[in-house]
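Trainee: Predicted coordinates and the sequence they were generated for:
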Amino acid sequence: MSRGPAVRAVPVSRRSAAVLGLASVAGLMMLCWPLLVRVPTDAQVSPPFLFLGLLPVVIVVVLAEISEGGMDPRVLAVLGVLSAVNAVLRGLSPGTAGVELVLFLLILAGRVFGPGFGFVLGCTSLFASALMTAGVGPWLPFQMLVSAWVGMGAGLLPRRVTGRAEVAMLAAYGVVSAYAFGLLMNLSGWPFLLGVAVPGHGGSLSFVAGAPLLDNLERFGVYTLLTSTGSWDTGRAITNAVAIVVLGPAVLTTLRRAARRATVTGTVAEPVG
């Protein structure tokens with residue numbers, strides 16, 4: 001495995017970092033808003049159609065800002081290949097029992113190419129896979145955003161860690177990101193589900209508009225634990241960890257070789273005479 005420092009194929013300027021941060025805060029607010037607004041008790045909370053329209057706009061603005069300086073054609077080629085591979089991996093591993101390989105490659109690519117590339121790849125690969133698997137729906141912008149966060153987070157991990165320690169760090173991040181992905185995706189839809197009941201658990205786990213924040217968080221925590229954390233998310237976490245440990249060293253070496261080729265810049269010739 002290559003021990004050289006990771007190359008950031010999509011450098012992020014301070015302004016781009018600020019835009020990325022503001023967009024992430026906006027996206028998080030779009031996920032959490034039902035828990036924060038005050039509405040009459042037992043009122044019905046409708047799906048955020050305005051947010052569903054604004055979220056893609058936020059994502060497009062961030063992508064435009066990150067790529068403002070222009071991407072090298074070789075970087076675009078790598079992005080296209082990895083997006084296509086991730087889309088195929090999602091089709092081959094459609095999440096049955098939590099077995100899903102999308103985050104595995106996203107984490108490794110974000111680690112090698114940096115947070116900007118990881119954010120872009122998270123958006124493009126989920127969008128491409130949705131087109132391939134007929135998975136386009138109101139959930140897609142949230143899937144793109146959360147996946148982008150996973151790729152960006154991998155690029156923000158400590159850069160000096162190498163060798164086996166790096167693989168162990170990425171495997172641990174794969175486990176954490178798998179549970180975080182499931183939790184955030186559950187949060188995007190749970191407030192709008194009516195009559196949520198889980199066998200073996202007394203009482204409803206539905207969101208209650210106007211109820212205290214801690215009460216709703218408790219219901220959501222139990223709902224996520226019983227319906228997702230112990231099954232789908234755990235399967236995804238195990239898949240990430242095993243794939244990173246087994247395939248990670250070889251994939252990291254390949255990606256770093258591609259990164260060095262993709263980020264080579266031309267030399268400036270000295271004037272003659």
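Mentor: In hand now; what should we look at?

Trainee: For this structure, name the helix or strand with the lowest mean pLDDT.
Mentor: Using mean pLDDT, DSSP states H and E, helix 49-66 stands out as the lowest-scoring helix or strand of the chain, at a mean of 62.

Trainee: Next, count neighbours for residue 109.
Mentor: The tally of other residues near residue 109 (other CB atoms under 10 Å) stands at 31. Just so you know, the C-beta spots here come from the backbone N, C-alpha and C atoms, and that holds for glycine as well.

Trainee: can you check residue 34 too?
Mentor: When neighbours are counted by other CB under 10 Å, residue 34 comes out with 18.

Trainee: ok, the residue lying closest to it once chain neighbours are set aside to residue 232 distance?
Mentor: Take residue 34 and drop its neighbours on the chain: the residue closest to it by CB to CB, 6 or more residues apart in numbering is residue 191, 3.8 Å away. Separation of residue 191 from residue 232 (CB to CB, to the nearest Å): 19 Å.

Trainee: same deal with residue 76?
Mentor: 33 Å.

Trainee: Who has more neighbours out of those two?
Mentor: residue 232 (21 against 14).

Trainee: Find the helix or strand that residue 111 is a member of.
Mentor: In the assignment (DSSP states H and E), residue 111 maps to helix 102-113.

Trainee: what about residue 78, which helix or strand?
Mentor: Residue-wise, residue 78 maps onto helix 73-92 under DSSP H and E.

Trainee: can you give me the helices for the protein?
Mentor: Along the chain, the segments classed as helices by DSSP state H run 14-36, 49-66, 73-92, 102-113, 115-132, 140-155, 163-189, 213-224, 234-262.

Trainee: right, so those: which one is the most enclosed?
Mentor: helix 102-113 (a mean of 28; mean count of other CB atoms under 10 Å).

Trainee: how far away is residue 74 from residue 261?
Mentor: 6 Å.

Trainee: ok, the residue most central in space within the chain to residue 80 distance?
Mentor: Nearest residue to the geometric centre of the chain (CA atoms, centre = their mean): residue 147, 1.6 Å. Distance of residue 147 to residue 80, computed by CB to CB: 17 Å.

Trainee: How about residue 29?
Mentor: Relative to residue 80, and taking CB to CB, residue 29 is found at 32 Å.

Trainee: Low-confidence stretches in the chain?
Mentor: 1-11, 37-59, 61-72, 93-98, 134, 194-203, 262-273 (pLDDT under 70).
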